[in-house]
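1. I'll drop the sequence and a predicted model, then ask my questions.
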Amino acid sequence: MRIAIAGNIGAGKTSLTELIAKHYNWEANFEDVIDNPYLDDFYNHMERWSFNLQVYFLKSRFQQLLSFKNNKKTIVQDRTIYEDAYIFAPNLNAMGLMNQRDFKNYQELFNLIESLIEGPDLLIYLRSSISNLVSKIHKRGREYENSISIDYLSRLNERYEAWISTYDKNKMIIIDVNDLDFVENKNDFNTVVMEIEKGLNKIK
């Protein structure tokens, strides 16, 4: 079984991936931000590095998905390949930060990959307000995220909501994380687990 956690920058995907992997004894797979050679450059000069970054993420996530094929364990994944294609790349194109030629090339590459993959058994979408995202981003203190603007986060949030409203790959649950601190508060984590249990019951 494959579980995937989706959500905007700062929504808590990585933290929740770690926590529920430990709780359920699942195998955790994380987004490649530490070894990503483009992230720092991208946030300093988005227009120059947007295509490079998105292709790198696409390649990394496709590699992940291929590695899952012969894995008998339940896997929980930090962010999906769909978010790159339906949210981040189109947003960069709309903002004039990825030109039309590169965006078309990217879309065609994703369409080819999508024909070879299946969606997760359960998608967990972490819904968050912009103010909550900003607070979480500042709290974790990643240097390359210091230049992220509220406008950029707002555009991403709009695209996330549009994508979720039409999501049809498999089962999905939505967890509003605005008033939850599932990292520090055990009761809040238990609330999240109860929601996940409802989602898992839909699969069984």
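-> In hand now; what should we look at?

2. And I124, its phi and psi?
-> Note on I124: backbone dihedrals following degrees, to the nearest 10 are phi -110, psi 110.

3. Quick check: closest non-adjacent residue to it.
-> Nearest residue to I124, sequence neighbours excluded (CB to CB, 6 or more residues apart in numbering): I5, at 4.8 Å. In this view, the C-beta of every residue, glycine as well, is placed from N, C-alpha and C.

4. check contacts around the most centrally placed residue in the chain.
-> Centroid check for the chain by CA atoms, centre = their mean gives R79 as the closest residue, at 2.8 Å. For R79, the contact set (CB atoms under 8 Å, 6 or more residues apart in numbering) comprises A4, I5, A6, G7, K13, E31, R61.

5. From those residues, which shows the smallest pLDDT?
-> Taken together, the contacts of R79 show their lowest pLDDT at E31, with 79.

6. what about the helix or strand Y82 falls within, distance to the chain center?
-> When elements are assigned from DSSP states H and E, Y82 belongs to helix 81-83. Mean-position distance between helix 81-83 and its chain equals 7 Å (CA atoms, centre = their mean, to the nearest Å).

7. How about stretch 82-91?
-> So, by CA atoms, centre = their mean, the centroid of stretch 82-91 is 10 Å from its chain's centroid.

8. Could you do stretch 103-119 as well?
-> Centroid separation between stretch 103-119 and its chain, computed with CA atoms, centre = their mean, is 17 Å.

9. Same check on stretch 130-139?
-> 16 Å.

10. Other residues contacting that stretch?
-> 8-12, 128, 145, 148, 150, 153-154, 157, 177-178.

11. cutoff 6 Å now
-> For stretch 130-139, the surrounding residues in contact (CB atoms under 6 Å, 6 or more residues apart in numbering) are N8, G10, E145, L153, S154, N178.

12. Among those, name the ones in helices.
-> Counting by DSSP state H, these place L153, S154 in helices.

13. Could you export the contacts of stretch 130-139 as CSV, including distance to L200 and neighbour count?
-> Converted to CSV, the contacts of stretch 130-139 look like this (distance: CB to CB, whole Å; neighbours: other CB atoms under 10 Å):
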residue, distance to L200, neighbour count
N8, 24, 26
G10, 26, 23
E145, 32, 15
L153, 30, 20
S154, 32, 13
N178, 23, 12
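
14. Pick the one among the contacts of stretch 130-139 closest to N70.
-> N8 (32.0 Å; CB to CB).

15. Looks like the closest one contacts S154 (just checking).
-> No - between N8 and S154 there is no contact under CB atoms under 6 Å: 9.6 Å.
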